[in-house]
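Novice: have a look at this prediction, sequence included:
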Amino acid sequence: MSGGTLIERRFNVMGRNAPLFYDRPVHLVRGEGVWVYDADGRRFLDAYNNVPHVGHCHPRVVEAIAQQAATLNLHTRYLHETVVDYAERLTSMFAEPLDTAMFTCSGTEANELALRMARFATGRAGVIVSDFSYHGNSATLGALTTCFPVVEQFPSFARTIKVPDPRVDSHGLDQDALADRYVGYVEDAVRSLQADGIGVAALLIDSFFANEGLPDPVPGYVAGAVRAVRGAGGVFICDEVQAGFGRTGDAMWGHELSGVVPDIVTLGKPMGNGHPLAGVIASNELVSDFQAASTYFNTFGGNPVSAAAGSAVLDVIEEQSLQDNARSVGTHVRRGLEKLKSEHTIIAGVRGRGLFFGLELIHPDGRPDPEVTKLLVNMMRERGVLLSRIGRHDNVLKMRPPMVFTVANADLLLSTLDDAFAAL
Ligand SMILES: Cc1ncc(COP(=O)(O)O)c(C=O)c1O
């Protein structure tokens, strides 16, 4: 082991620009439920991490992983009951015709696979993404990234559409007119891809526009956007990597809130509670045709240990009614955030639903305030609560705790926020 502090050693061995949260980084050593503990034994309320979906180190998931790891772990070219059971159980949670699963190790791999399938199914290459999005870190998805800097050029086979954000854009338009306007951007993107002879393979959007900053939904928008894309022969890939598994409280999957059944759904982050499990859900016809034309193999994706972890996550979601918890605790948090908004003029808007929420912060003159948002993230860390920030202007406090978050946890989050706002 080389000398220096842990931060210096990290800079030296992992590069000084490897992302690290907070001005005073946190050195975490242990987690339990909604709590994480640093090396000095200090406890932090985790209001940020969605990957430990059913709580940090949930004993049910730990036990399932340990038991299967002690029994057998192999790739997926052998028959294994746990893997098939998990695929059956997971796909039964989707509407027809989404009845077939392919497993991967990350959301990136899931979206990459979804794009390959969409291009295969349509015979076209064009992709439409939002103008402030992130769907993964591969060569293709890196190039499609619009919400932070990447080294690749935005590809000529892709077009962006404006993020639908009614709080910023409504200018007195009613919801139908606003939806029409946003759908118009999708129609423009479709026409542009067609005019350039590329054609439309897929619309790839996050059902909750999470990285986009959790804008309020515009009723009718997603349905209209998907109609435009399908009308041009393209498919709808819905990225549920952030919104899935009940987080919104009102539905198991974010796309259910828009009433549209996607052609392909991608899953990740919470799926294995931290174990690297992700996947693609599509119709049996699409998956089978793709696999007939193109061998797809993923050494680690959906192995028996991953399937055991994924099954245990579903067990806990069901047994602890975590979707209901997201709805009821989310409603409580939302009320508390609205109260904070009425008391602190810096708060321009309350965003999100269920256990995924945000506070949009502005200057007195109405401009977005990324500096104060960053300051607040650090102030909350010093006060023992972990959260972060997102959005086009980095001025939305981002909160997305494990789904076992209670009303008491919510009250601690709210009172700590109140304290931090008062101390500004
Ligand atoms: C919406 C969305 N899709 C896909 C990904 C990529 O997932 P992964 O980091 O597991 O590759 C992310 C990661 O942050 C994401 O936010």
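Specialist: Okay, I see it.

Novice: please count neighbours and contacts with C-alpha atoms only from this point.
Specialist: OK.

Novice: give the contact list for the closest residue to the ligand within the stretch 301-424 of the chain.
Specialist: The stretch 301-424 of the chain approaches the ligand most closely through residue 390 (10.9 Å), counting by Cα to the nearest ligand atom. In this structure, residue 390 makes contact with 211-213, 396-398, judged by Cα atoms under 8 Å, 6 or more residues apart in numbering.

Novice: give the rounded mean pLDDT of stretch 350-367.
Specialist: Averaging pLDDT along stretch 350-367 gives 96.

Novice: circling back to that earlier point, give me the beta-bridge partners of the residue of the stretch 301-424 of the chain closest to the ligand?
Specialist: residue 396 (DSSP bridges).

Novice: show the pLDDT at the residue in the stretch 151-300 of the chain that the ligand sits nearest to.
Specialist: Among the residues of the stretch 151-300 of the chain, residue 241 lies closest to the ligand, at 5.1 Å counting by Cα to the nearest ligand atom. pLDDT for residue 241: 98.

Novice: which ones are touching it?
Specialist: Residues counted as contacts of residue 241 (Cα under 8 Å, 6+ apart) are 107, 206, 266-270.

Novice: could you list which of those residues also contact the ligand?
Specialist: Among the contacts of residue 241, the ones lying near the ligand by Cα under 6 Å from any ligand atom are 107, 206, 268-269.

Novice: now the phi/psi pair for residue 388, please.
Specialist: When read as degrees, to the nearest 10, the backbone of residue 388 gives phi -150, psi -160.

Novice: wait, what's in contact with it?
Specialist: 48, 377, 397-399.

Novice: and it, how far is that from residue 213?
Specialist: According to Cα to Cα, to the nearest Å, residue 388 and residue 213 sit 12 Å apart.

Novice: among the contacts of residue 388, name the ones in strands.
Specialist: Among these, DSSP state E puts 397-399 in strands.

Novice: just the CA atoms of stretch 344-354, as PDB, please.
Specialist: The C-alpha coordinates for stretch 344-354 follow below in PDB (Å, rounded to 0.1, in the frame of the first residue of the first chain):
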ATOM      1  CA  HIS A 344     -38.000  29.900   1.400                       C
ATOM      2  CA  THR A 345     -38.200  32.000  -1.700                       C
ATOM      3  CA  ILE A 346     -35.100  30.400  -3.100                       C
ATOM      4  CA  ILE A 347     -37.200  27.400  -3.900                       C
ATOM      5  CA  ALA A 348     -38.900  27.800  -7.300                       C
ATOM      6  CA  GLY A 349     -40.500  24.400  -7.700                       C
ATOM      7  CA  VAL A 350     -41.100  21.000  -6.100                       C
ATOM      8  CA  ARG A 351     -40.500  18.100  -8.600                       C
ATOM      9  CA  GLY A 352     -41.000  14.400  -8.800                       C
ATOM     10  CA  ARG A 353     -43.300  11.900  -7.200                       C
ATOM     11  CA  GLY A 354     -43.100   8.800  -5.000                       C
END
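
Novice: which parts of that stretch are buried?
Specialist: For stretch 344-354, a neighbour-count test (16 or more other Cα atoms under 10 Å) marks 346-354 as buried.

Novice: interface residues of the stretch 1-150 of the chain facing the ligand?
Specialist: 106-108, 134-136.

Novice: give me the residues contacting stretch 82-90.
Specialist: By Cα under 8 Å, 6+ apart, the surrounding residues in contact with stretch 82-90 are 100-101, 302-304, 307-308, 310-311.

Novice: now swap in stretch 143-160 and tell me
Specialist: 125-136, 139, 142, 189, 192-193, 198, 211-212, 392.

Novice: among those, which lie within helices?
Specialist: 139, 142, 189, 192-193 (DSSP state H).

Novice: any idea how far the most centrally placed residue in the chain is from residue 296?
Specialist: Computing the C-alpha centroid of the chain and ranking residues by Cα atoms, centre = their mean puts residue 242 first, at 1.8 Å. Counting by Cα to Cα, the separation of residue 242 from residue 296 is 25 Å.

Novice: what do you get for residue 393?
Specialist: Distance, residue 393 to residue 296, by Cα to Cα: 39 Å.

Novice: neighbour-wise, which of the two wins?
Specialist: Shown here are residue 393 and residue 296; by other Cα atoms under 10 Å, residue 393 has more neighbours (18 against 10).

Novice: please tell me how far the more buried one sits from residue 385.
Specialist: Separation of residue 393 from residue 385 (Cα to Cα) stands at 22 Å.

Novice: in what helix or strand does residue 394 lie?
Specialist: Residue 394 is part of no helix or strand when elements are defined by DSSP states H and E.

Novice: I meant residue 96, not that one.
Specialist: Under the criterion DSSP H and E, no helix or strand holds residue 96.

Novice: kindly report the same for residue 333.
Specialist: Secondary structure assignment for residue 333, by DSSP H and E: helix 322-343.
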